[in-house]
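Colleague: Got a predicted structure here, sequence first:
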Amino acid sequence: MGRERETTPKQQGGAPYTVEQLVALNPYNPDILPDLENYVNEQVSSRTYSLDANLCLLRLYQQMEEQFKSLIVLSHYLETARFQQFWDEATKSRHILEVVPGFEQAVQDYAIHVLSLTYQKVPRPVLAEAINIEGLSLDKFLEHRVTNCGWAVEKGHHGKGQLIVLPRNEFNRPELKKSTTDRIPLDHIARIFPILG
């Protein structure tokens, strides 16, 4: 039951920890999951049973299920542009998101992209909420975007607040487009007038 595993953590003498020792030392560490799964197979083969190790494995599986549920919720918030709810939920799930390098920056870029599809000018509080940056950090962020990305900052209506002017694109710049395929020749219209009259 207490067989030694070839795992990353080792005791001071260099000997690997047993599964029971790993469970006792750090039962919520997902890195011991492969050891626990192998240990279940050994228990089945040897017809033995370790309640602590098996409960630990079940807890880790449940934790993983909660992580997937959290990711689905986060995905839904992003897809529906509910950025404030996304950042609130992301704060609760920090342990999941920190393993992805550049995750926060990628979400901020996505939020800016979505805003740029909708707005020509976005109120500063809306931008701050969408990218989860406030105060001096937001000032520095805006300064960088003004310098490098073609953004501008204007005073809001009646001198209240700020409006962030985003670069124009085909989606946030509505224009009346003339279509040559939708034209009806005058002679066709002229033939309809006698019928209508």
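Modeller: That came through, no problem.
Colleague: which residues sit in contact with residue 62?
Modeller: Neighbour list for residue 62: empty [criterion: C-beta atoms under 8 Å, 6 or more residues apart in numbering]. Yep, even glycine has a C-beta here, placed from its N, CA and C like the rest.
Colleague: Start the count at 30 instead of 1 going forward.
Modeller: All right, first residue 30 from here; so that's residue 91.
Colleague: secondary structure class for it?
Modeller: helix (DSSP: H, G, I helix; E, B strand; the rest coil).
Colleague: Ok, residue 196 next?
Modeller: coil.
Colleague: For it, what are phi and psi?
Modeller: Per-residue torsions, residue 196: phi -60, psi 140 (degrees, to the nearest 10).
Colleague: got the phi/psi numbers for the residue lying closest to it once chain neighbours are set aside?
Modeller: Distance criterion C-beta to C-beta, 6 or more residues apart in numbering; nearest residue to residue 196, sequence neighbours excluded, is residue 179 at 4.4 Å. Main-chain torsions, residue 179, degrees, to the nearest 10: phi 80, psi 20.
Colleague: Then residue 161?
Modeller: Backbone torsions for residue 161, taken as degrees, to the nearest 10, come to phi 60, psi 40.
Colleague: For residue 139, list the residues it contacts.
Modeller: When contacts are counted by C-beta under 8 Å, 6+ apart, residue 139 touches residue 107.
Colleague: Residue 221 versus that one, what's the distance?
Modeller: Residue 139 sits at a distance of 51 Å from residue 221 (criterion: C-beta to C-beta, to the nearest Å).
Colleague: Please apply the same query to residue 153.
Modeller: 54 Å.
Colleague: okay, those two: which has more neighbours?
Modeller: A direct count of neighbours by other C-beta atoms under 10 Å for residue 153 and residue 221 places residue 153 higher, at 17 against 10.
Colleague: what's the closest non-adjacent residue to that one?
Modeller: Leaving out its chain neighbours, the residue that sits closest to residue 153 by C-beta to C-beta, 6+ apart is residue 191, at 4.2 Å.
Colleague: residues in contact with that neighbour?
Modeller: The neighbourhood of residue 191, defined by C-beta under 8 Å, 6+ apart, consists of 152, 153, 182, 183, 184, 185.
Colleague: Next: residue 175.
Modeller: Listed by C-beta under 8 Å, 6+ apart, the contact set of residue 175 reads 181, 182.
Colleague: Model confidence for it, exactly?
Modeller: We have a pLDDT of 96 for residue 175.
Colleague: Secondary structure element holding it?
Modeller: Following DSSP states H and E, one finds residue 175 within helix 164-178.
Colleague: Can you name every helix or strand that the helix or strand just after that helix contacts?
Modeller: Proceeding N to C from helix 164-178, the next assigned helix or strand is strand 181-184, under DSSP H and E. Applying 3 or more C-beta pairs under 8 Å, 6 or more residues apart in numbering; DSSP states H and E, we find strand 181-184 packed against helix 164-178, strand 191-194.
Colleague: No further queries at this time; thank you.
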